[in-house]
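Chemist: A predicted structure for the sequence below; I have some questions about it.
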Amino acid sequence: METSRDDFVIAIRSAFLKKGTQQRFSLLSLIFFSIIFLILGSFNFKTTDYIKIAIKEIVYRSSFIVSMPENLLKDGYLTIQNHQKLYKENEKNKSELASLKAKGLVNEFIIVENKRLKNVVDDYIVEADTVFAKVLSDKGSPFLKSVIINKGSKQGINLGMIATDAEYLVGKVVEVNYLSSRILLLSDLNSKIPVTVEPNGLLSILSGTGEDYGVIQYSKQYEDIQSQSIIYTSGTSGIFKSGIPIGKINNSFLSEERKVEFFSDFSQLKFIKIFSFLKNEAE
Amino acid sequence: MTELRSKNFIRRALSKIPLILLFVSVLNDYDFNYLSLKYFSFNFSYILIFYYSLKKSESLGYTYIFVAGLFNDVVVGTPIGLSSLMYLILCVAASYLRNITLRPSLIKDSIFFLITILIINSLLFVALNFIFNYELNYLDQIINITYTFLLYFLFSNVFDFFENYFVGSSNAR
């Protein structure tokens, strides 16, 4: 028992005090140094502060140089990671492109087939006499929902031509003068347009109300008209080409009548596209 | 003669590598943060100091270890002298183990290393938390200790290989 305790003391003493080869200080003296550093540092002793500042100067500068290889490694790692991400993205894009190409081919076929079928049913398919006109006056009358445009018969405007705001139908030409014309808007009480309600494909009539919305009339299948259904021209009257978007059934209006919220805001019309459709004579 | 001199120079340069590694590790603070590994951190300096104090105490001078500790404190932002104290306690433990060991084995060394780093980290935690009012995450400390202990096996073999095949010392084992 006594011997093992002696061994422990000898080993500890040797660990603390033996300097070994090329050692200037013993561990014990260095531990004392560290503790003195800690104590003086916590009391904000001036000499320690100066030593701290000197060490910080050396460390910050050398740290920048020493961390260069690791930074290089880090940058390399990040670059590889980015490349991997890019590679995966590229693979994904490739597969998406292939699927889109396939869809494009199907679309092309559908377009050709559509044209052929339209020819068969003698529908209008070619846009003609396109004129862009500026809205001169919008009276905003509650009785007559119409706008005056700055183009007339001189520019080739004819009665019955249709007016769109971008791709959305807004009305048709009802009055033509030499240098101006009047467009009757879809919201006018007298406006009656044959429409299709999609996705059901129901044929109906869209009537203006004198307000900023329209209503679906003369349909026996009101219950089939879902909210958010899209309204397109049906083309059955022979005036409009089929498939021009008009508006959608508004959810909040569903209670009594099937009210249609127009895609285009008629109070904000500035420019209008006036045109008509021709049958494709060439085919 | 010239060849012999150049060989000696290379050997001397290689024998300084642990010291260079120690200073690079404290200045660089290997953290592998850019790997975005949340539960991974280890203290390379502890492994290096323990291994070389145990196997080749002349490679890393105690004074250098003391200075490296001061540098580490500046980099990490802990009170100056604290890391030096911890490094030196690690050296004391390694030196004690060297004195009492007759037949060295990696398992015994690593168990002793684990006990030592547990004591050191406890001291560090107590000193930082209760004396210097630093906030420390307990879980981070445990993760750090665990990985430092586990990686001791790997680095011990790497250092053995380095000492035996590059520096050519026989007392590394």
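Modeler: Sure, I can see it.

Chemist: please give me every residue in contact with the closest residue to chain A within chain B.
Modeler: Residue nearest to chain A within chain B (C-beta to the nearest C-beta): residue B:81, separated by 3.1 Å. For glycine as for every other residue, the C-beta is placed from the backbone atoms N, C-alpha and C. Residue B:81 sits next to A:33-38, A:41, B:69-70, B:73 when contact means C-beta atoms under 8 Å, 6 or more residues apart in numbering or on different chains.

Chemist: with respect to residue B:86, which of those is nearest?
Modeler: Distance to residue B:86 across those (C-beta to C-beta) is lowest for residue B:69, with 7.1 Å.

Chemist: now do the same contact list for that closest one.
Modeler: Listed by C-beta under 8 Å, 6+ apart, the contact partners of residue B:69 are A:34, B:26, B:81-88.

Chemist: which secondary structure element contains it?
Modeler: Element membership for residue B:69, per DSSP states H and E: helix B:62-76.

Chemist: for that helix, give the mean pLDDT please.
Modeler: Averaging pLDDT along helix B:62-76 yields 87.

Chemist: now stretch A:72-81
Modeler: On average, stretch A:72-81 scores 88.

Chemist: which one (most neighbours) among the contacts of residue B:69?
Modeler: residue B:87 (32 neighbours; other C-beta atoms under 10 Å in any protein chain shown).

Chemist: now the strands for the stretch 101-250 of chain A?
Modeler: Taking DSSP state E, counting those that start in this stretch as the criterion, the stretch 101-250 of chain A contains strands spanning A:126-138, A:146-149, A:162-165, A:168-176, A:181-185, A:192-198, A:202-208, A:213-217, A:230-233, A:245-249.

Chemist: likewise for chain B?
Modeler: Counting by DSSP state E, chain B has no strands to list.

Chemist: rewinding a little: from the contacts of residue B:69, which ones fall inside helices?
Modeler: Using DSSP state H, the subset of the contacts of residue B:69 located in helices is A:34, B:26, B:82-88.

Chemist: so what's residue A:197 up against?
Modeler: A:203-204, A:216, A:219, A:225, A:229-231, A:249.

Chemist: what's the answer for residue B:16, then?
Modeler: Under the criterion of C-beta under 8 Å, 6+ apart, residue B:16 has no contact partners.

Chemist: before we move on, back to that, residue B:166: which of the contacts of residue B:69 is nearest?
Modeler: Nearest to residue B:166 among the contacts of residue B:69, with distances taken as C-beta to C-beta, is residue B:26, at 22.6 Å.

Chemist: thought residue B:147 was touching residue B:42?
Modeler: Yes - between residue B:147 and residue B:42 there is a contact at 3.9 Å, judged by C-beta atoms under 8 Å.

Chemist: more neighbours: which of these two?
Modeler: Taking other C-beta under 10 Å, residue B:147 and residue B:42 do not tie; residue B:42 has more neighbours (21 against 15).

Chemist: how about the closest residue to chain B within the stretch 1-150 of chain A, nearest residue that isn't a chain neighbour?
Modeler: Proximity of the stretch 1-150 of chain A to chain B (C-beta to the nearest C-beta) peaks at residue A:37, 3.1 Å away. Nearest residue to residue A:37, sequence neighbours excluded (C-beta to C-beta, 6 or more residues apart in numbering or on different chains): residue B:81, at 3.1 Å.

Chemist: need the pLDDT of the one you found.
Modeler: 87.

Chemist: cool, residue B:26 as well?
Modeler: On the pLDDT scale, residue B:26 gets 84.

Chemist: and what of residue A:163?
Modeler: 90.

Chemist: just to revisit the earlier point, just the buried subset of the contacts of residue A:197, please.
Modeler: Among the contacts of residue A:197, the ones that count as buried by 16 or more other C-beta atoms under 10 Å in any protein chain shown are A:204, A:216, A:219, A:225, A:229-231, A:249.

Chemist: quick revisit: relative to residue A:117, which of the ones in helices among the contacts of residue B:69 is nearest.
Modeler: residue B:26 (79.7 Å).

Chemist: excluding covalently adjacent residues, which one is nearest to the closest one?
Modeler: Counting by C-beta to C-beta, 6+ apart, the residue nearest residue B:26 is residue B:72, at 4.1 Å.

Chemist: just for chain B, where's the confidence low?
Modeler: B:1-6, B:29-38, B:168-173 (pLDDT under 70).

Chemist: show me what from it comes close to chain A.
Modeler: B:23-24, B:27-28, B:30, B:34-35, B:57-58, B:61-63, B:65-66, B:69-71, B:74-75, B:79-82, B:84-85, B:88-89, B:91-93, B:95-96, B:98-100, B:131-132 (C-beta under 8 Å from any C-beta of the partner chain).

Chemist: give the PyMOL command for selecting the buried subset of those residues.
Modeler: Only the buried entries of the residues of chain B next to chain A go into this PyMOL selection, using 16+ other C-beta under 10 Å:
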select buried, chain B and resi 23+24+27+28+57+61+62+65+66+69+70+71+74+75+79+80+81+82+84+85+88+89+91+92+93+95+96+98+99
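
Chemist: what is the burial count for residue 44?
Modeler: Because you didn't say which chain, this covers chain A. Count around residue A:44 with other C-beta under 10 Å applied: 8.

Chemist: actually chain B
Modeler: Residue B:44 has 19 nearby residues by other C-beta under 10 Å.

Chemist: just curious, which of the ones in helices among the contacts of residue B:69 is nearest to residue A:163?
Modeler: For the ones in helices among the contacts of residue B:69, the nearest to residue A:163 is residue B:26 (77.9 Å; C-beta to C-beta).

Chemist: max-length helix in the chain?
Modeler: This is for chain A. helix A:46-121.

Chemist: should've been chain B
Modeler: Criterion DSSP H: the longest helix present in chain B is helix B:138-162.

Chemist: contacts for that one, please.
Modeler: B:17-18, B:39-44, B:46-48, B:50-52, B:55, B:106, B:109-110, B:113-114, B:117-118, B:121, B:125, B:172-173.

Chemist: just the buried members of those residues?
Modeler: Here, 16+ other C-beta under 10 Å leaves B:17-18, B:41-44, B:46-48, B:50-52, B:55, B:109-110, B:113-114, B:117, B:121, B:172 buried among those.
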